[in-house]
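**Q** let me see the structure of the following:
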Amino acid sequence: TAFKFDNSLPLSDSTAPDGVKPWYSSMATITGTASDSLAGSGFGANAQQIKIRKMAGAGNQYWTGGSWAVNITTINVVNSAGTVVSWTYDASLVDWGVSGSSYAVASRIKDKADNQQAWGAERVFKWDVDVPTSAITSPANYSYLGTTPFFYGTYYDLHSGISPSGGKVELLIMDQTAVPTQWYWGSAWQTVPPPTNDDWVDASVWASSWTYQMPVTLTPNHQYLVVSRAKDSSSPGNYQTTFETGTSSNTFICDNQNPSTYIGTPSTTYRDQLTSISGTAQDSPQASQLKRVEIEIAYPANKPAYA
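**A** Model (predicted):
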């Protein structure tokens, strides 16, 4: 009887979780790959095994396939036969628990010659299903801005976080006066809203705030809506789901009119005293948007003035 001798150990590892992404917000399947040397015997179907460990305080719990238990539990998963194979485990029924919980997945496989890999390195991750929030500081709701406004605001996330290296804040910008209504996305005004989440415009994210410079000139006297939405850095990510008027959903009117002033006192060329200086100021479209009035007093008249 002829046979082949195989004493080489096979290898397997998970690709989701991958040991790189520290936070996950969804995990429908746990997946990975396995390989045996070319001279090896290869794998039969469903030879892959995994352990799912929940790091619960001072102790550990293991997923049994239906619940968490303190006893170490090995789960058989699906793989095809061959020498280089992919494997998968349906994780949709795993009770991942509350945000902030920590987990680890380890894998091993046995080839047809009964060479079994030692448990591979655990792929550790944390769970995050809490949605982030964002707020708009400028424009304030029902305010007036110029034709090339600078938007800015804040964001908050409890677990996986938002930073320049992960997560984002994006904006929906709508011209409500245009006929038909227009939305700014894809570097131009469009007559249809952004079709996907990724089509909202991305703001620049800083340590605790976000900013966005409007790249095109707005139309004077048009009313605009700005909505901010945060996405955290988990994989694939949690999106902000509520948008409160005056917080993350603000409207403003584009104002390109310069204000004007009139000096009522003094009103004559010569005076022997001046106890007050007074006058009026106006602006369009709304005088209440005047921020301040400045005056200059010069003496002699051909000398530099001071305020």
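
**Q** may I see the buried residues of stretch 144-160?
**A** Across stretch 144-160, burial judged by 16 or more other CB atoms under 10 Å covers 144, 145, 149, 151, 152, 153, 154, 155, 157, 159, 160. For the C-beta atoms, the positions are set from N, CA and C on the backbone; glycine is no exception.

**Q** confidence score at residue 63?
**A** Residue 63 carries a pLDDT score of 97 in this model.

**Q** how about residue 299?
**A** At residue 299, pLDDT is 70.

**Q** count of neighbours near it?
**A** Neighbour count for residue 299, taken as other CB atoms under 10 Å: 8.

**Q** which residues does it contact?
**A** Shown in contact with residue 299 (CB atoms under 8 Å, 6 or more residues apart in numbering): no residues.

**Q** any idea how far residue 271 is from it?
**A** 13 Å (CB to CB, to the nearest Å).

**Q** who does residue 172 form a beta bridge with?
**A** Note on residue 172: beta-bridge partners by DSSP bridges are residue 227.

**Q** now it: how far from residue 246?
**A** From residue 172 to residue 246 the distance is 16 Å (CB to CB).

**Q** and those two? Which one has more around it.
**A** Between residue 172 and residue 246, counted using other CB under 10 Å, residue 172 has the larger neighbour count: 19 against 12.

**Q** hmm, that one is touching residue 190, no?
**A** No: using CB atoms under 8 Å as the test, residue 172 is too far from residue 190 to be in contact (11.7 Å).

**Q** name the residues contacting each of those two.
**A** What both residue 172 and residue 190 touch, as defined by CB under 8 Å, 6+ apart, is the set residue 183.

**Q** leaving out chain neighbours, which residue sits closest to residue 152?
**A** With CB to CB, 6 or more residues apart in numbering as the criterion, residue 152 has its nearest non-adjacent residue at 4.5 Å, and that residue is residue 211.

**Q** mind checking how far the one helix or strand the one you found maps to is from the chain centre?
**A** Per DSSP states H and E: residue 211 is located in strand 209-213. A distance of 13 Å separates the centroid of the chain from that of strand 209-213, by CA atoms, centre = their mean, to the nearest Å.

**Q** any residues touching stretch 204-224, and which ones?
**A** With contacts defined as CB under 8 Å, 6+ apart, stretch 204-224 is touched by 134, 139, 145-155, 162-164, 167-169, 171, 173-178, 184, 187, 189, 201, 203, 228, 251-257, 285.
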